[in-house]
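K.L.:
sequence plus the predicted model coming up.
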Amino acid sequence: AVFDRVEQVEDKIRAYITLNKEQAVARARLVDKARAGGEYLPPLAGIPVAVKDNICTNGIRTTCASKILYNYIPPYDATVMERLNACRAVLVGKTNMDEFAMGSSCENSAFFSTCNPWDTGRVPGGSSGGSAAAVAAGETVLALGSDTGGSIRQPASFCGVVGMKPTYGAVSRYGLVAYASSLDQIGPLARDVTDCALLLNVICGHDPLDSTSAPYNVPDYTSFLNGDIKGMKIGVPREYMGQGIDAAVKDIIYKAIDVYTGLGAVVEETTLPHTEYALPAYYLIAPAEASSNLARYDGVRYGYRAKDAADIVDMFMQTRSEGFGPEVKRRIMLGTYALSAGYYDAYYNKALKVRTLIKADFDRAFEQFDLLLAPTAPVTAFRRGEKLDDPLQMYMVDICTLAVNLAGIPAISIPAGMAHNLPVGLQLMGRPFGEGDILRAAYAFE
Ligand code: GLN
C-alpha cells in the first residue's frame with residue numbers, strides 16, 4: 001500500500017532519494033508468512049520505515065544529499081538500522097534532506113528539493129524534510145530523522161506530524177554521518193504519539209559502538225500513554241512567545257495551553273534568560289564541529305573525486321570545491337575561522353561558555369516544572385525559494401529549537417492546529433531522559 005501511494009504522489013512530493021522497493025516487498029512478504037504461521041513477531045515487524053539519507057544502510061546508497069557522497073554505499077548498518085532489522089521492520093527508502101543536515105527547508109539538497117504535502121509551493125522544513133513529508137503524504141508509516149538544531153521537530157511542525165529529538169546519548173549515533181557530534185541525535189517521525197513511542201522503544205538504548213551513548217534502562221515508552229497529566233507542572237518560557245513569533249502561531253499555542261489547563265495541568269509563565277544567545281552560540285559550535293567532521297571528505301576515502309588534478313593537494317581542493325554545496329562551504333569556513341588560533345577563545349570558547357549558561361537555564365526551570373511548552377517554529381511552512389538568498393533568515397527559523405540541542409535535553413513537536421491553512425507544531429521539552437513525561441503530555445493533548 002505504501003509503494004502504491006509512492007507511485008501516486010512521489011513525483012509531486014519528492015521525499016525519497018533512493019527507494020528500496022524490491023527488498024522491502026520481499027521482507028514484508030516474509031513477515032506476512034511468519035504471521036500466518038503463528039510465529040511470534042515484535043511490534044514493528046512488517047511496518048514500513050523511511051530513513052534519512054545520512055543514516056548508513058548496508059549495501060544501500062547513503063548520500064547525505066551531497067554530491068561528494070553521491071555514490072557512497074556503506075559496508076555496514078547504523079545501530080538504529082540494525083535494531084530496525086532485528087525487529088523486522090521494512091525499509092521503504094532513504095529520504096531527502098539538506099546537504100549534510102545543514103539547513104531548514106530541504107532546499108540545500110544537492111539533488112532536488114522536497115515539497116510540503118499540504119501545499120507543494122512550500123517547503124517541508126528541514127533538514128529532515130524528506131522524512132517528514134513522506135510520513136505526512138502517506139509514503140511511509142514511520143520515519144527516522146536526525147536533529148542537530150531542530151531538524152526533526154521543525155519539519156514535523158511544518159508537515160503536521162509528530163517528531164521527537166531524544167536526550168543526547170539516548171540513541172546511538174553509530175552510523176549516523178556526523179554533522180555536529182555534540183548536538184546530533186537520531187529520532188522518530190510518526191503520524192501520532194503512539195507510533196512515535198513504539199519507534200522510540202526500538203531505537204533507544206546503550207551502544208558500546210558510540211562512546212557518547214548513555215547506559216540507562218529504557219522503559220516501555222507506550223506505558224506512559226495513559227492520558228493522566230493531573231497536577232503536572234508545565235512552564236511557558238516567555239522568551240519563546242515574544243517578538244518574531246507569528247501571531248497566528250501564538251494563538252494556537254495559547255489554545256494548547258487552555259487544553260492543558262483543562263486536563264488538570266498547572267501551566268505558568270517562566271523564563272529562560274539566555275535564550276537570545278542560543279542562535280549565535282549554535283552557529284559557532286555547530287559549524288566548528290562540522291568543519292572538523294567534514295575534513296574526511298578528501299576524494300581519497302569516500303565518494304566523489306575530481307578528475308584531472310595536477311597533484312594530491314590539487315585533488316583535495318578540486319574535490320571539495322566541486323563536491324560541497326554553497327551552504328556546506330559557508331559552514332566549513334565559519335567553523336574553521338571560529339577554531340583558528342587567534343579567534344578560538346573569542347568565538348569557540350565563548351560559545352561553549354554560553355552553552356553552559358543555556359543548560360543552567362533549563363536545569364533551573366526543571367527544578368520547578370516537569371515540562372516546558374513553546375512553539376516549535378516561529379512561522380508556518382514558508383514558500384520555496386523565499387529564504388534561499390538570505391542565510392540569516394533561514395537560520396532564524398530555528399530559534400525555538402536550537403537551545404534544546406545545546407542543553408542535550410529531549411523535546412517533541414506535535415500537531416497543535418492550523419494557521420494560514422498550514423499545520424502548527426507545539427513543542428514540549430523535558431528533563432534529560434524524561435521522554436516518558438513528554439510522551440505522556442503529548443498523548444494527553446492528542
Ligand atoms: N537548521 C539547522 C542547521 O542548519 C539545524 C539543522 C539540523 O538540526 N540538522 O544547522
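P.N.:
Everything's here; your move. Numbering: from 1, shown residues only.

K.L.:
host element of the residue nearest to residue 46 when sequence neighbours are not counted?
P.N.:
Nearest residue to residue 46, sequence neighbours excluded (Cβ to Cβ, 6 or more residues apart in numbering): residue 31, at 3.7 Å. Backbone N, C-alpha and C define where each C-beta goes, glycine included. Applying DSSP states H and E as the criterion places residue 31 in helix 21-36.

K.L.:
residue 8 now?
P.N.:
Assigned by DSSP H and E, residue 8 falls in helix 2-13.

K.L.:
hey, where'd the strands end up in the stretch 1-150 of the chain?
P.N.:
Secondary structure of the stretch 1-150 of the chain by DSSP state E, counting those that start in this stretch: the strands cover 16-19, 48-52, 90-95, 142-146.

K.L.:
what bridges to residue 373?
P.N.:
residue 428 (DSSP bridges).

K.L.:
interface residues of this structure facing the ligand?
P.N.:
Neighbours of the ligand within the chain, by Cβ under 6 Å from any ligand atom: 101-104, 127, 147-151, 179, 286, 398.

K.L.:
where is pLDDT lowest across those?
P.N.:
Lowest pLDDT of those: residue 398, 95.

K.L.:
where does the closest residue to residue 167 other than its chain neighbours land on pLDDT?
P.N.:
Spatial nearest neighbour of residue 167, chain neighbours left out: residue 410 (4.5 Å); criterion: Cβ to Cβ, 6+ apart. On pLDDT, residue 410 comes in at 98.

K.L.:
wait, doesn't residue 410 sit right on residue 169?
P.N.:
No: look at residue 410 against residue 169 with Cβ atoms under 8 Å: they stay out of range, at 10.4 Å.

K.L.:
please identify which of the two sits among more neighbours.
P.N.:
More crowded of residue 410 and residue 169, by other Cβ atoms under 10 Å: residue 410, with 27 against 21.

K.L.:
where do the strands sit along the stretch 151-300 of the chain?
P.N.:
162-165, 186-190, 233-237, 266-270.

K.L.:
which other helices and strands contact the shortest one?
P.N.:
It stands for strand 162-165. If contacts are counted by 3 or more Cβ pairs under 8 Å, 6 or more residues apart in numbering; DSSP states H and E, strand 162-165 sits against helix 153-159, strand 186-190, helix 193-203, strand 411-419, helix 435-445.

K.L.:
got the CA positions of the fourth one in PDB?
P.N.:
Output of strand 411-419 as PDB, limited to C-alpha atoms (Å, rounded to 0.1, in the frame of the first residue of the first chain):
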ATOM      1  CA  ALA A 411      11.800  17.600  23.000                       C
ATOM      2  CA  ILE A 412       8.800  16.700  20.800                       C
ATOM      3  CA  SER A 413       6.800  18.500  18.200                       C
ATOM      4  CA  ILE A 414       3.100  17.500  17.900                       C
ATOM      5  CA  PRO A 415       0.500  19.000  15.600                       C
ATOM      6  CA  ALA A 416      -1.500  21.600  17.600                       C
ATOM      7  CA  GLY A 417      -3.800  23.200  14.900                       C
ATOM      8  CA  MET A 418      -3.700  25.200  11.700                       C
ATOM      9  CA  ALA A 419      -2.700  28.800  10.900                       C
END
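
K.L.:
counting contacts, what elements does that strand pack onto?
P.N.:
Where contact means 3+ Cβ pairs under 8 Å, 6+ apart, strand 411-419 is packed against helix 153-159, strand 162-165, helix 193-203, helix 247-262, strand 422-430, helix 435-445.

K.L.:
how far out from the middle of the chain is it?
P.N.:
Its chain's C-alpha centre lies 15 Å from the corresponding centre of strand 411-419 when counted by Cα atoms, centre = their mean, to the nearest Å.

K.L.:
ok, now which ones touch the residue of the stretch 251-400 of the chain found nearest the ligand?
P.N.:
For the stretch 251-400 of the chain, the residue closest to the ligand is residue 398, as judged by Cβ to the nearest ligand atom, at 4.8 Å. Residues near residue 398 by Cβ atoms under 8 Å, 6 or more residues apart in numbering: 104, 149, 150, 154, 279, 282, 377.

K.L.:
which stretch of helix or strand covers it?
P.N.:
Using DSSP H and E, no helix or strand contains residue 398.

K.L.:
state the phi and psi torsions of it.
P.N.:
phi -100, psi 10 (degrees, to the nearest 10).

K.L.:
give the buried residues for the longest helix along the chain.
P.N.:
Longest helix of the chain, by residue count under DSSP state H: helix 350-368. By neighbour count on 16 or more other Cβ atoms under 10 Å, the buried set for helix 350-368 is 350, 351, 354, 355, 358, 359, 361, 362, 365, 366.
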